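Student: What follows is a predicted structure for the sequence shown.
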Amino acid sequence: MDDAVDALVERYQELAPDCLRVAVRYEGDEHAVAFARDDVVEMYSPEEFDAKVKQLVVEGLADQPNQEQFRLYGEMNVVVRRFDNAVMVHFPRDEFAGVAVTFDRDAGPSLDTLADVGIDVLSTDDTDQ
């Protein structure tokens, strides 16, 4: 999944230069920051930044791809949360694994484009395995 996350970061940097804030991949209790914009990191102490990343992971773990109550809709591919100052996009990959990406609120592409690009890039990784 690391290669797919790197490809996703690269694609988002092409689509929304300077708007990508943080990209994190997570699996179970482990996570890794694939990208963090310097000014975003500098906003926090190292402990605070780590706590923010962990909160992204917790939010992602709550969004499982297969949710029994929505089984008629199929598997969930993406969750978008829009805040006053940022957009959070989660791509659940497996029961306890996924990718979380944050953008400045005024990112150039539409939310649909951000979601579709992520699904396309990450689904390419699925077919390569």
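Tutor: That came through, no problem.
Student: give me the low-pLDDT residue ranges for this protein?
Tutor: 1, 107, 125-129 (pLDDT under 70).
Student: Which stretches in it count as strands?
Tutor: 20-27, 30-36, 79-82, 86-94, 97-104 (DSSP state E).
Student: separation between the most centrally placed residue in the chain and Ile119?
Tutor: Central residue of the chain (Cα atoms, centre = their mean): Ala100, 2.1 Å from the mean position. Look at Ala100 and Ile119: by Cβ to Cβ, to the nearest Å, they are 14 Å apart. C-beta: built from backbone N, CA, C; applies to glycine.
Student: so what's Tyr44 closest to, chain neighbours aside?
Tutor: In this structure, Tyr44 finds its nearest non-sequential neighbour in Lys52, 6.4 Å apart by Cβ to Cβ, 6 or more residues apart in numbering.
Student: Just give me the neighbour total for that neighbour.
Tutor: Counted with other Cβ atoms under 10 Å, residues neighbouring Lys52 total 17.
Student: wouldn't it be in contact with Met43 here?
Tutor: No - at 9.1 Å, Lys52 does not count as touching Met43 under the criterion of Cβ atoms under 8 Å.
Student: where along the chain do the helices fall?
Tutor: Under the criterion DSSP state H, helices of the chain are mapped to 2-15, 38-42, 46-62, 111-128.
Student: contacting residues for the nearest residue to Leu20 once chain neighbours are set aside?
Tutor: The spatially closest residue to Leu20, leaving aside those adjacent along the chain, is Tyr12, at 4.9 Å (Cβ to Cβ, 6+ apart). Tyr12 is in contact with Leu20, Ala23, Val101, Phe103, Leu114, Val117, Gly118, counting by Cβ atoms under 8 Å, 6 or more residues apart in numbering.
Student: One more: Gln69?
Tutor: Gln69 neighbours (Cβ under 8 Å, 6+ apart): none.
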